[in-house]
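Colleague: sharing a sequence plus its predicted fold:
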Amino acid sequence: MRADFVERVAQAITTGNSAALRELVGELHQADVGDLIEVLDPELRARLVKLMGHDFDFTALTEVDDTVREEILEELPAEAVAEGVRELDSDDAVAILADLPKDEQTEILEQLPPPERVALARSLLYPENSAGRRMQTEFMAVSPVWIVGRTIDYLRETPDLPDRFWEIYVVDSAGRLQGTVALDWLLRTKRPVPIAELIDEEMHPVRVTDDQEDVARLFEHYDLVATPVVAEADRLVGVITFDDIVDVIEQAAEEDIRALGGVGREEELSDPVWFVARGRFNWLLVNLATAFLASSVLGLFEGELQKMVALAVLAPIVASQGGNAATQTMTVAVRALATHELSSANAARIILREVLVGLVNGLAFAVITGVAAAAWFKVPDLGLVIGLAMICNLLAGALGGILVPLVLHRFHADPAISSGVFVTTVTDVVGFFSFLGIATLWFGLK
């Protein structure tokens, strides 16, 4: 969003000029309106929605952070929200209603027509992050006894079709899913042909209770555009399309990135200072405790550090290099666990690969740091000592980077959030201890 455009929109809102605001914002795509809402000052966001009135597309509220959406909805009357939700696809409507307290949900649902109210209320009962929450309940379903001509005529004459769809679902009299018929195949078939002859039974339906990330992996694995959602007894209740899956993948990636940095998965740029500080405090406290643990290793070699200042200068290099190598391995491992690419079936092979990578890099950096340390302090033996320590710590980093996430995952802890602290502790402790321990033994024997 250009600063001058945002300024003009803010000016129109401040002066209450709805005509100017509609001229500026009316033709924007809902995703761009969402971006605009997020960059506006908080006190102007709800006023933009009110001034736009019937011209505001509530789909834009699905494009903003949860915190921003909640703040806007709190300031809007239930009647306005109900009117906006009525025009949305069911999956977008559920995304908006899910953020509201139960009493407000009920108040808004009561103002919707009975069929829409029942469908939305049922979707809100499904677990958060499930396929039932992500699906849209608008879909095309026909009987297998229909013929192609009747189906095409039905599509032409029915006013309440989904905005976009790529296949028709075939169900029996009890609503049980029988298969799918691709639109392109339907349109290329002669009118008298029964729909039953076009059914593609090779489909990949998901359950309403399936986790949305599992559904996303299904889309990725089979290159799906849409997939049906079924409830008990294989009864068709909805459909998930690729545009919803893109949001799931993006959300999962953002959460993993934040978690790897020790930041809460739910943290957003729009969150208030106190909420963000409180969310980050716990892991910073754990980091502080592990830092004291690593520093205590230095205390074990206080005498040696006083005798040879070079050891104090070089020790952090060993620890830091091991920490960087461990972070590389840990990042790959955590992401592979999240996408189910790493499991008990191939864990041993991946662990061996990472150990060999650590060994190769350890040998390479042993030579580099050894030569640099010997030249810097004019002590050849110091180069050998730091080289051996570098090999030890890069091996420890490789093992820690892969084993810590695997162990945490085994005990159902989130490896994305927890791994960083423990892996860093391992490389710091091993780095300091191996370098100073080898130095003590080596120079003590000379």
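Modeller: Sure thing, it's come through.
Colleague: could you list the low-pLDDT ranges of this protein?
Modeller: Counting by pLDDT under 70, the chain has low-confidence residues at 260-262, 264-266, 269-270, 445-446.
Colleague: centroid-nearest residue for it?
Modeller: By CA atoms, centre = their mean, the mean C-alpha position of the chain lies nearest to A252, the distance being 1.3 Å.
Colleague: name the SS class of that one, please.
Modeller: helix (DSSP: H, G, I helix; E, B strand; the rest coil).
Colleague: leaving out sequence neighbours, find the closest residue to it.
Modeller: Spatially, and ignoring its direct neighbours in sequence, A252 is nearest to E213 (5.5 Å; CB to CB, 6 or more residues apart in numbering). (Glycine included, C-beta is placed from N, CA and C.)
Colleague: and G383, by the same measure?
Modeller: Closest to G383 by CB to CB, 6+ apart is A374, at 3.2 Å.
Colleague: returning to that earlier point: can you tell me how far the residue nearest to the centre of the chain sits from L218?
Modeller: In this view, A252 and L218 are 14 Å apart by CB to CB, to the nearest Å.
Colleague: tell me the contacts of the residue lying closest to Y222 once chain neighbours are set aside?
Modeller: In this structure, Y222 finds its nearest non-sequential neighbour in H204, 5.6 Å apart by CB to CB, 6+ apart. Counting by CB atoms under 8 Å, 6 or more residues apart in numbering, H204 makes contact with L218, Y222, L224, T227.
Colleague: just the ones of those in helices?
Modeller: Among the contacts of H204, DSSP state H puts L218, Y222 in helices.
Colleague: identify the farthest-apart pair in the contacts of H204.
Modeller: Greatest spacing in the contacts of H204, by CB to CB: Y222 and T227 (8.5 Å).
Colleague: more neighbours: those two, which one.
Modeller: Remark: of Y222 and T227, T227 carries more neighbours, 23 against 11, as counted by other CB atoms under 10 Å.
Colleague: wait, that one sits on Q212?
Modeller: No. Between T227 and Q212 there is no contact under CB atoms under 8 Å: 12.0 Å.
Colleague: what about E75, how many neighbours?
Modeller: 13.
Colleague: all strands of the chain, in order?
Modeller: Under the criterion DSSP state E, the chain contains strands at 141-142, 167-171, 177-182, 206-207, 226-230, 236-241.
Colleague: can I get those in TSV with distance to E7?
Modeller: Below are these laid out as TSV (distance: least, CB to CB, whole Å):
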stretch	distance to E7
strand 141-142	49
strand 167-171	46
strand 177-182	49
strand 206-207	46
strand 226-230	41
strand 236-241	37
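Colleague: these: which one's closest to F301?
Modeller: The nearest among those, by CB to CB, is strand 206-207 at 57.6 Å.
Colleague: and the contacts of the closest one?
Modeller: A131, D214, V215, L218, T227, P228, V229, V230, A231, I240.
Colleague: need the contact list for the second one.
Modeller: Applying CB under 8 Å, 6+ apart to D214 gives the contacts V206.
Colleague: counting neighbours, what do you get for G16?
Modeller: Neighbours of G16 under the rule other CB under 10 Å: 11.
Colleague: now do it against R47, distance only.
Modeller: 8 Å.
Colleague: check V379 too.
Modeller: 70 Å.
Colleague: looking at the two, which one has more neighbours?
Modeller: Taking neighbours as other CB under 10 Å, V379 and R47 compare with R47 leading, 18 against 15.
Colleague: nearest residue to the more buried one in space, please, no chain neighbours.
Modeller: Leaving aside its sequence neighbours, R47 sits nearest to I13 (CB to CB, 6+ apart; 5.2 Å).
Colleague: which ones are touching that neighbour?
Modeller: Counting by CB under 8 Å, 6+ apart, I13 touches L21, L40, L44, R47, L48, L51.
Colleague: which of those residues has the most neighbours?
Modeller: Counting by other CB under 10 Å, top hit in those: L21 with 24 neighbours.
Colleague: state the number of residues packed around the closest residue to it other than its chain neighbours.
Modeller: Leaving aside its sequence neighbours, L21 sits nearest to A12 (CB to CB, 6+ apart; 4.2 Å). Close neighbours of A12, defined as other CB under 10 Å, add up to 21.
Colleague: where's A12 relative to E27, distance?
Modeller: Per CB to CB, A12 is found 15 Å from E27.
Colleague: likewise for L363?
Modeller: Separation of L363 from E27 (CB to CB) stands at 62 Å.
Colleague: over to W442?
Modeller: Counting by CB to CB, the gap from W442 to E27 is 74 Å.
Colleague: go on, A319?
Modeller: A319 sits 57 Å away from E27, going by CB to CB.
Colleague: who has more neighbours, those two?
Modeller: Neighbours were counted for A319 and for E27 using other CB under 10 Å; A319 has more, 25 against 8.
Colleague: just give me the neighbour total for D41.
Modeller: 11.
Colleague: you'd agree it is up against A10?
Modeller: Yes. Using CB under 8 Å, D41 is in contact with A10, at 7.0 Å.
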